[in-house]
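K.L.:
the sequence and its predicted three-dimensional model are supplied below.
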Amino acid sequence: MAELTNCPNCNEIFVKNKFRDICQTCWKEEEKAYETVYQFIRKRENRAATMAQVVDTTGVEEELILKFIKTGRLKLTQFPNLGYPCDKCGAIIKEGKICKRCAEELRKDLDIHSAEELRRKEIERREKHATYFAVDEKFRRR
């Protein structure tokens with residue numbers, strides 16, 4: 001469903017929808033920037049360009065280039081030296097949201113949590129089924 005909102009770039013009021021999160025004017029500017037970047041990296045001699053080289057040559061901000069990559073408009077398989085930062089540590093990656101090192105660290109943390117959870121449940125189970133005997137002193141004397 002469309003909603004009325006302010007453009008995050010220029011603060012102009014526009015109708016936001018699922019296709020665009022910026023106003024028409026800013027969208028046209030982004031399209032021009034995309035064409036500039038794409039025309040640059042499409043050339044065979046520029047396919048191995050780094051992010052810094054693309055930014056310097058095209059004049060397009062790195063955040064906007066990252067937006068093109070994350071939305072799938074620029075395919076990283078064709079450009080070996082381009083990437084985007086891992087959401088956790090900032091290392092440059094080409095797919096997913098986090099790098100392999102952070103994913104492995106997260107997996108280990110989850111394994112530790114699962115093991116602790118199993119141990120806690122086992123302790124609760126033992127305590128629940130434990131039998132306690134009360135000693136009554138008057139029965140002992142007999």
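P.N.:
Nice, thanks for sending it over.
K.L.:
so which helix or strand takes in residue 127?
P.N.:
helix 100-129 (DSSP states H and E).
K.L.:
for residue 10, same thing?
P.N.:
Going by DSSP H and E, residue 10 is not in any helix or strand.
K.L.:
got the contact list for it?
P.N.:
23, 25-26 (Cβ atoms under 8 Å, 6 or more residues apart in numbering). (Each C-beta comes from the backbone N, C-alpha and C, glycine too.)
K.L.:
what's the answer for residue 2, then?
P.N.:
Contacts of residue 2 (Cβ under 8 Å, 6+ apart): 15-17.
K.L.:
before we move on, back to that, buried residues, the helix holding residue 127. List them.
P.N.:
For helix 100-129, the buried set under the neighbour-count rule, 16 or more other Cβ atoms under 10 Å, comprises residue 102.
K.L.:
output the contacting helices and strands for that helix.
P.N.:
The contact analysis (3 or more Cβ pairs under 8 Å, 6 or more residues apart in numbering; DSSP states H and E) places helix 100-129 against no helix or strand.
K.L.:
ok so, going back, from the contacts of residue 2, pick the one nearest residue 77.
P.N.:
residue 17 (29.7 Å; Cβ to Cβ).
K.L.:
where does pLDDT dip in this protein?
P.N.:
In the predicted model of the chain, residues 1, 130-142 satisfy pLDDT under 70.
K.L.:
okay, strands next: where are they in the chain?
P.N.:
3-6, 13-16, 84-85, 92-93 (DSSP state E).
K.L.:
what's the closest of the ones you listed to residue 103?
P.N.:
That would be, of these and by Cβ to Cβ, strand 92-93, which comes in at 10.0 Å.
K.L.:
residues contacting the closest one, please?
P.N.:
So strand 92-93 is contacted by 83-86, 99 (Cβ under 8 Å, 6+ apart).
K.L.:
again, but for stretch 14-32
P.N.:
Outside stretch 14-32, the residues touching it (Cβ under 8 Å, 6+ apart) are 2-10, 12-13, 64.
K.L.:
one more time with 6 Å
P.N.:
If you take Cβ atoms under 6 Å, 6 or more residues apart in numbering as the criterion, stretch 14-32 is touched by 2-5, 7, 9-10, 12.
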